[in-house]
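K.L.:
build me a model from this:
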Amino acid sequence: MKAPTCVKNEMTKAETNESESEPDPPEASDLKVIVANLEVDELEGIGPAMKAKLNATGIVTVLDLAVKSPSDVADAVGSDLTRATELCNKARAKLVELKYFDDDFISATEIYRRRKSIERISTGSKSLDDLLAGGIETQAVTEFYGEFGSGKTQICHTLCVTTQTSREQGGLGGSVVYVDTENTFRPERIAEIARARGLNTEEILNGIVVAKAFNSSHQELIVGELGSQIRTRGVRVVVVDSAVAHYRAEFLGRGTLSERQQRLNRFMHTLVRTAEVYNIAVVATNQVQSSPDTFFGDPTKATGGNVVAHTSTYRIYLRKSGKNRVARMVDSPYHAEREVIFILDEKGIDDPPEEASSSGRRKTSS
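P.N.:
As a prediction, this is how the structure comes out:
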């Protein structure tokens, strides 16, 4: 039996009203554009005068405000900590409202689903990518530490190239900010790696923004102003080579240890928040020092103490082994602690020749 016409019309109206009242959420790409262009005066309580003060210190968008700590905001606008905390909370609440940030309480299932969409960048070596479960991860700080010549800067140079390749080639098609604290950045090496990988050297070099930090205060200022570079240049990776060098050189003796660790802690947390809020990858290198009280095993340990160790999401120790380099996963929330071998060649970071690997396996088995 046919349904009455009036019932059909009512059902059609109900469906139409439902579709009109609940519009589809914006696509992820559209949401990123909306959030990236959301200026601070969109928040309640921020007028022209407050906006001018925030803009003068590089805080232009709501994302920029979300990255800063309340103490940073208080220093920027000359207000008390309570007012600065209120502004930071409003920025976060706005991003939660736009579904850019998660709610305070969220199920592990939802986190697991979202982590499947985390982007990764190839290091140039399949074995090193395998150690990192697919490559350098966005929304995280990956630390490489080791003695001189272990391959830290070469990994950074290779990432400057691989990041700019397409997703099919292991990159993200984005540019790179290279914070150079030890005068180790060499464009000639970048050009060599790009040529060896069959890429246009001029385009690769144009996709790298180099910021040379002359002291720890300048280093902190550069990282604090990363927001504008990320917005305007499409930055997907920030490299800090190295993170601790200036602090180690400027704060000498036990009397300055407390101040050094406080400054370093603040700097590292800024890197963590920058990676999470802007959905980029942060790679930091670290120096090492010898531990004289170690009688057995490797006496080498990373500088920066527990501050750097606790803040880095993933921590990888590099060491030389003849012509090869060995990378060991030291600390990670979920990676296994194991070692892989890679080499340095004209491509930057690469895998050892298959013949050498197979011969090594034969010697081991014999």
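
K.L.:
tell me the contacts of the residue nearest to Glu86 when sequence neighbours are not counted?
P.N.:
Counting by CB to CB, 6 or more residues apart in numbering, Glu86 lies nearest to Gly45, which is 7.6 Å off, once chain neighbours are set aside. Quick note: C-beta positions are derived from backbone N, CA and C, even for glycine. Listed by CB atoms under 8 Å, 6 or more residues apart in numbering, the contact set of Gly45 reads Glu86, Leu87, Lys90.

K.L.:
with Arg273 instead?
P.N.:
Counting by CB under 8 Å, 6+ apart, Arg273 makes contact with Ala66, Val67, Lys68, Ser69.

K.L.:
quick check: of those, which lies closest to Leu128?
P.N.:
For the contacts of Arg273, the closest approach to Leu128 (CB to CB) belongs to Val67, at 28.9 Å.

K.L.:
just read off the phi/psi values of that closest one.
P.N.:
Note on Val67: its backbone torsions stand at phi -70, psi -40 [degrees, to the nearest 10].

K.L.:
how about the contacts made by Asp345?
P.N.:
Ala196 are the contacts of Asp345 under CB under 8 Å, 6+ apart.

K.L.:
Ser242 contacts Thr285, correct?
P.N.:
Yes. In this structure, Ser242 is within contact of Thr285 by CB atoms under 8 Å, at 4.3 Å.

K.L.:
shared neighbours, these two?
P.N.:
Here Ser242 and Thr285 have Lys152 as joint contacts, going by CB under 8 Å, 6+ apart.

K.L.:
quick check, Ala194 in a helix?
P.N.:
Yes. The assignment for Ala194 by DSSP: H, G, I helix; E, B strand; the rest coil puts it in a helix.

K.L.:
pretty sure it is touching Ile204, no?
P.N.:
Yes. Counting by CB under 8 Å, Ala194 touches Ile204, with 4.3 Å between them.

K.L.:
shared neighbours of these two, anything?
P.N.:
Common neighbours of Ala194 and Ile204 (CB under 8 Å, 6+ apart) are Val161.

K.L.:
burial of Gly149, as a residue count?
P.N.:
Around Gly149 there are 13 other residues, counting by other CB atoms under 10 Å.

K.L.:
no no, Arg115
P.N.:
By other CB under 10 Å, the residues close to Arg115 number 11.

K.L.:
now do Tyr334
P.N.:
Neighbour count of Tyr334, defined by other CB under 10 Å: 7.

K.L.:
contact partners for it?
P.N.:
Counted by CB under 8 Å, 6+ apart, Tyr334 has contacts Ala133.

K.L.:
over to Tyr112: give its phi and psi.
P.N.:
Torsion angles, degrees, to the nearest 10, at Tyr112: phi -60, psi -40.

K.L.:
what is the burial count for it?
P.N.:
Tyr112 sits with 9 neighbouring residues when counted by other CB under 10 Å.

K.L.:
for Glu259, phi and psi?
P.N.:
phi -70, psi -40.

K.L.:
with pLDDT and secondary structure added, can I get the contacts of Gly45 in a markdown table?
P.N.:
Below are the contacts of Gly45 laid out as a markdown table (pLDDT from 0 to 100; DSSP: H, G, I helix; E, B strand; the rest coil):
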| residue | pLDDT | secondary structure |
| --- | --- | --- |
| Glu86 | 92 | helix |
| Leu87 | 91 | helix |
| Lys90 | 91 | helix |
